[in-house]
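*Asks:* Give the three-dimensional model of this entry:
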Amino acid sequence: MSYSFVKNSANNQTVEETQLIMVYELGKVFECLYEKRELSGYREFARTELADFISMSRMLCEQVGWNYDNMITSNSGIFVNTREQLLVKMQILLGKIIRGLHYKKRFDDYRGDSPDICMQCLVDQTRWLCGLLLFDFWEVVELGEQRYIERMHDLMSNGIKSQLKEEFRGKE
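*Replies:* Numbering: from 1, shown residues only. Take a look at the predicted model:
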């Protein structure tokens with residue numbers, strides 16, 4: 001994939017901020033899929049939240065120097081059978097990524113599971129979840145890019161100008 005989330009970001013989003021957004025987006029996927037009311041819109045909300053989660057996964061990879069494209073084409077071999085098991089595994093993997101990057105920043109050592117290997121597994125789990133939900137992974141990826149572009153336009157138009165990258169302060 002050639003789209004650069006870092007380059008096209010209207011602000012200088014940190015790795016930590018990207019991780020927080022990933023936690024939020026995964027939580028929204030949970031919420032959409034476990035909503036007790038019978039509302040047809042929740043499936044589509046889950047799709048858009050998953051698209052945003054994938055976008056932030058790609059951004060995190062870009063920020064720390066991991067090749068997301070290679071992660072898509074390889075297979076970690078860790079799969080589970082149910083949506084519930086898959087979501088729990090994704091949450092655990094995301095926690096291991098955050099912990100590993102935090103330890104690397106503080107101690108120059110991951111002190112446990114390597115976050116890039118956990119990201120590889122998370123990418124696999126995300127693709128598997130798309131399949132279980134009958135979403136086309138590549139359409140969800142494209143939706144995530146489109147939504148990110150829309151959010152950056154909104155940020156340039158309505159965000160705090162002093163927090164934007166210099167080249168984006170006068171746009172929109």
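
*Asks:* Let me see the contact set for residue 118.
*Replies:* By Cβ atoms under 8 Å, 6 or more residues apart in numbering, the contact set of residue 118 is 93, 96, 97, 100. (C-beta placed from N, C-alpha, C; glycine too.)

*Asks:* How about the first one, nearest residue that isn't a chain neighbour?
*Replies:* Spatially, and ignoring its direct neighbours in sequence, residue 93 is nearest to residue 122 (4.3 Å; Cβ to Cβ, 6 or more residues apart in numbering).

*Asks:* try residue 125
*Replies:* residue 90 is the one closest to residue 125 (Cβ to Cβ, 6+ apart), at 4.8 Å.

*Asks:* Return the set of buried residues in whichever helix or strand the one you found is part of.
*Replies:* Secondary structure assignment for residue 90, by DSSP states H and E: helix 83-107. Using 16 or more other Cβ atoms under 10 Å as the test for burial, helix 83-107 gives 86-87, 89-91, 93-94, 96-102.

*Asks:* That one - contacts with which helices or strands?
*Replies:* If you count contacts as 3 or more Cβ pairs under 8 Å, 6 or more residues apart in numbering; DSSP states H and E, helix 83-107 packs onto helix 15-33, helix 115-132.

*Asks:* Okay, buried residues for the first one please.
*Replies:* Residues 18, 19, 21, 22, 23, 25, 26, 28, 29, 30, 32, 33 are the ones in helix 15-33 that count as buried (16+ other Cβ under 10 Å).
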